[in-house]
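# based on what follows, work out the 3D shape:
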Amino acid sequence: MKVCIAEKPSVAREIAAVLGANTKRDGYFEGNGYAVTYTFGHLCSLCEPGDYKPHWKSWDLNNLPMLPEKFQVKVSDNDGIKKQFNIVKSLFDKAEVVINCGDAGQEGELIQRWVINEAQYNGEVKRLWISSLTTEAIKEGFQNLKSSKDYDNLYYAGFSRSIGDWLLGINATRLYTVKHGGYKQVLSVGRVQTPTLAMLVNRYKEIKNFVPKPYWELQTLYRDTLFSYEDGRFLKMEDGEILAKKVKEHKFEIVSVTKKKGNDYAPKLFDLTGLQVYCNTKFGFSADDTLKIAQRLYEKKVVTYPRVDTTFLPNDVYPKVKGILTKLTDYSNFTSPILNKKIKKSSRVFNDKKVTDHHAIIPTGMQTNLQYNEQQVYDIIVKRFIAVFYDDCKVSNTTVIGTAADVKFKTTGKEILSKGWRIVFESENSKIKSESLLPTFNKGEKGPHEPSFLEKQTKPPKQYTEASLLRAMETAGKQVDDDELRDLMKENGIGRPSTRANIIETLFKRKYIKRNKKQIIPTITGIQLIDTIQNELLKSAELTGTWEKQLKDIEKGNISANAFIKGMKRMVDALVYEVRSEKVQTRISAVNNKTAVNAKSKSKSKSKTIVGTTCPKCKTGQLLKGKSAFGCNQYGKGCDFTLPFSFSDKKISENQYIRLLDKGSTVNLKGFKIEGQSIEGLLRLDENYKLKLEPKKTKTKSIKAGDICPKCNSGKILKGKAAFGCSNYKTGCDYRVNF
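Below is the predicted model:
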């Protein structure tokens, strides 16, 4: 029997269906000579300190550093995990060959190898290595199974990463907690999280301590076009004032008009970080949200493996491009122009040297119904893929130089001559916009102008957003805007594309950072922790980037795992010696965490949306946003619930519908039109979950004691302690108006 082991039950189900293993058993699928089983992520993990030596369990400075001679792995202490591990082990005991079907990356390799090793399986192991979960890709993968030994270096790199994180994380966290932690305050320190936090703290302090400096700009307006002084800003006001007075007395003359034709290239295909940056900037998704959505799209077979760090495709993907484009029928208006001719092949897209384990994230060609946020992410992945096969955008870059009293001014503009790939993005409010065109200027023309000499101030750097923090992690804190240079620096980035989102989320959970709208800023505790850590290596983004480079070199077989682990042990040993001898000046207390996120900012950062909420009628579907209404994704399958964007000639905002679903009604709204009359009222759902309008109740006229009761028309109004009531209350009139 051949035993396949996947990383998730859902992936195992897909593989089993392709292999014909259609019988469901407890913990695996069986049939056609195969058993397809699975893990739930990490079934095994590195042993805890107390597993090596009982006294290491206590948090005591005298136990540090904890440097195990040999690192050991154990099955996680959870009944469900232990049960599944025993099922896997029993299958391995009967296996003629084991096929590792884990995610095709470093983490996937590590997870499965640990299980195979702990199950003490010594037979043949093959590796399934695929970039998508389509039937075609799975079949092709099984026809080209690799030897597990081909991926030994990948496993060594993953094991080394895990050991490095254990060594530094456990030793440094205990060290700083015992030495500097206050009451109930664990000070978590890590190989990647601490340099990331340090970047945020340093930026926060840079902004806080920033002192603006004045400078002056000389500009002039000619034919509704702003020209700037060619030599830039003035640092001394008097220098600029002399020229400003001089140019006022003379007409403006155009002395040169230079046009240079060029190409604008299509945006690169997405790697994971690029996708996270785009989705944070465009849709406000966190890095973790984007990763989870991309993973779901992968498991739904519509995109390729997402945890990648390259924006290129290998040459062997090129023959498949036409087939993928042909299947993208929902985008036929964009694909048909390029399918009617030979598909472009550019070295900016296809480059074997820039692809390691996986290529850039692209669509598979399969299409299915997606949730709204999944559709948003899928849509931009598809459009990027389509755009790279369009012609380059042809532009004309224009530079105009003008003078007034021999003082030179300059302006630039761009004219789009041929849209090329930009056509793909025209329908959305994209950041790729057509630049405003300059008027036609002729050399030698003269005319009046309006000069201005303005004082301005230098501005501090901006606080990090999740998008800019991801880019900073990718380049180890260096400010890099150029795509080509960024590609060269990826090997020295902090963390891996697949772990960066988790690092940021960990900093939030530990209340070292908080959100301020789109900004990410450190909390008091986060700032105090970085101030307390005197060891600069622990906070160094560049050192962490160097470690990442070494881990990549282990993966390539250039250095040994042993050398990396020995280096980490030396550093931990030196760190413990250094910190133990420090004098304690501050104790960081848990009380600081209470101010980390105030209620107001928390409510703003997690603003509600209708999309994705559970349908109130069928209780199983989720609400989606359509062209004219919000509706249940089970529409046409038994549920007809909708919330139209307009009701009785009045537009209803999403916030009002959120209130309706939360509290049972909207507030009173004006502007409903019924039989030509304008009505004020609120909306509710009736017993059939249809919208109904309740007109606003008109105020009754004021009541006073002695009036005739408006209900029984015989009793008189009496004034009690809390309400007006009818004198006939004893004989059955229940009229009452509370004060």
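
# A helix includes Gly141, no?
Yes. Under DSSP: H, G, I helix; E, B strand; the rest coil, Gly141 sits within a helix.

# what stretches of this protein score poorly on pLDDT?
427-436, 477-492, 585-586, 590-608, 636, 697-702, 739 (pLDDT under 70).

# find the residue at the geometric middle of it.
In the chain, the C-alpha nearest the mean C-alpha coordinate belongs to Ala287, at 2.1 Å (CA atoms, centre = their mean).

# could you say what helices and strands the host helix or strand of Glu238 packs with?
Here Glu238 is covered by helix 237-248, with elements defined by DSSP states H and E. If contacts are counted by 3 or more CB pairs under 8 Å, 6 or more residues apart in numbering; DSSP states H and E, helix 237-248 sits against strand 214-222, strand 407-418, strand 450-457. Placement of C-beta: from N, CA and C, glycine included.

# export stretch 558-573 to PDB, keeping only CA atoms.
Backbone C-alpha positions of stretch 558-573 (Å, rounded to 0.1, in the frame of the first residue of the first chain) are rendered in PDB as follows:
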ATOM      1  CA  ASN A 558      26.300  26.200   0.800                       C
ATOM      2  CA  ILE A 559      26.700  26.000   4.600                       C
ATOM      3  CA  SER A 560      25.900  23.300   7.200                       C
ATOM      4  CA  ALA A 561      23.000  23.500   9.700                       C
ATOM      5  CA  ASN A 562      25.600  22.700  12.400                       C
ATOM      6  CA  ALA A 563      27.500  25.900  11.700                       C
ATOM      7  CA  PHE A 564      24.400  28.000  12.000                       C
ATOM      8  CA  ILE A 565      23.300  26.400  15.300                       C
ATOM      9  CA  LYS A 566      26.700  26.700  16.800                       C
ATOM     10  CA  GLY A 567      26.700  30.400  16.000                       C
ATOM     11  CA  MET A 568      23.300  30.900  17.600                       C
ATOM     12  CA  LYS A 569      24.500  29.100  20.700                       C
ATOM     13  CA  ARG A 570      27.600  31.300  21.000                       C
ATOM     14  CA  MET A 571      25.400  34.400  20.700                       C
ATOM     15  CA  VAL A 572      22.900  33.200  23.300                       C
ATOM     16  CA  ASP A 573      25.700  32.300  25.700                       C
END
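
# neighbouring contacts of that stretch?
For stretch 558-573, contacts defined as CB atoms under 8 Å, 6 or more residues apart in numbering pick out 65, 67, 156-157, 159-160, 163-164, 167-168, 171-172, 537, 547, 550-551, 553-554.

# so what's the gap between the helix holding Glu238 and the chain middle?
Mean-position distance between helix 237-248 and its chain equals 49 Å (CA atoms, centre = their mean, to the nearest Å).

# which parts of it are buried?
Residues of helix 237-248 classed as buried: 240, 243-244, 247 (neighbour count, 16 or more other CB atoms under 10 Å).

# any idea which helix or strand comes after that helix?
Toward the C-terminus, helix 237-248 is succeeded by strand 252-264 as the next helix or strand (DSSP H and E).

# show me where the stretch 401-550 of the chain has strands.
407-418, 446-447, 450-457, 513-516, 519-522 (DSSP state E, counting those that start in this stretch).

# strands of the stretch 601-739 of the chain, residue ranges please.
623-625, 629-632, 642-644, 646-647, 650-651, 669-674, 677-685, 691-695, 717-719, 723-726, 736-738.

# mind putting those strands into JSON lines with mean neighbour count?
Output for the strands of the stretch 601-739 of the chain, formatted as JSON lines (neighbours: other CB atoms under 10 Å):
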{"stretch": "strand 623-625", "mean neighbour count": "20"}
{"stretch": "strand 629-632", "mean neighbour count": "21"}
{"stretch": "strand 642-644", "mean neighbour count": "19"}
{"stretch": "strand 646-647", "mean neighbour count": "14"}
{"stretch": "strand 650-651", "mean neighbour count": "14"}
{"stretch": "strand 669-674", "mean neighbour count": "14"}
{"stretch": "strand 677-685", "mean neighbour count": "16"}
{"stretch": "strand 691-695", "mean neighbour count": "14"}
{"stretch": "strand 717-719", "mean neighbour count": "15"}
{"stretch": "strand 723-726", "mean neighbour count": "18"}
{"stretch": "strand 736-738", "mean neighbour count": "11"}
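
# out of these, which gets nearest to Tyr305?
strand 623-625 (26.9 Å; CB to CB).

# picking up where we left off before, out of the contacts of stretch 558-573, which are buried?
Buried members of the contacts of stretch 558-573, counted by 16+ other CB under 10 Å: 65, 156-157, 159-160, 163-164, 167-168, 171-172, 547, 550-551, 553-554.

# mind listing residues that contact the helix or strand harbouring Val3?
Using DSSP H and E, Val3 maps to strand 2-6. Defining contact as CB under 8 Å, 6+ apart, one finds that strand 2-6 is touched by 12, 15-16, 19, 33-39, 88, 91-92, 94-102, 112, 115-116, 128.

# do stretch 294-307 as well
8, 10-11, 14, 103-105, 107, 130-134, 272, 275, 291, 358-359, 361-364, 366-368, 370, 374, 377-378, 381, 496-498.

# list buried residues within the residues you listed.
8, 11, 14, 103-105, 107, 130-134, 272, 275, 291, 358-359, 361-364, 366-367, 370, 374, 377-378, 381, 496-498.

# filter those residues down to the ones in helices?
Mapping the buried ones among the contacts of stretch 294-307 onto helices (DSSP state H) picks out 11, 14, 107, 272, 275, 291, 374, 377-378, 381, 497-498.

# from these, pick the one nearest Pro54.
Comparing those against Pro54 with CB to CB places Glu107 closest, at 31.0 Å.

# now do the same contact list for the closest one.
158, 307, 498.

# tell me the spacing between Gly190 and Leu538.
According to CB to CB, to the nearest Å, Gly190 stands 9 Å off from Leu538.

# intersection of neighbour lists for the two?
With CB under 8 Å, 6+ apart, Gly190 and Leu538 have common neighbours Ala172.

# and for Val321, the neighbour number?
Counted with other CB atoms under 10 Å, the neighbours of Val321 add up to 22.

# so it is in contact with Lys342, correct?
No. Between Val321 and Lys342 there is no contact under CB atoms under 8 Å: 11.1 Å.

# for Asp316, state which of the buried residues of helix 237-248 is nearest.
Looking across the buried residues of helix 237-248 and measuring by CB to CB, the closest to Asp316 is Gly240, at 60.1 Å.

# Asp231 versus that closest one, what's the distance?
From Gly240 to Asp231 the distance is 10 Å (CB to CB).
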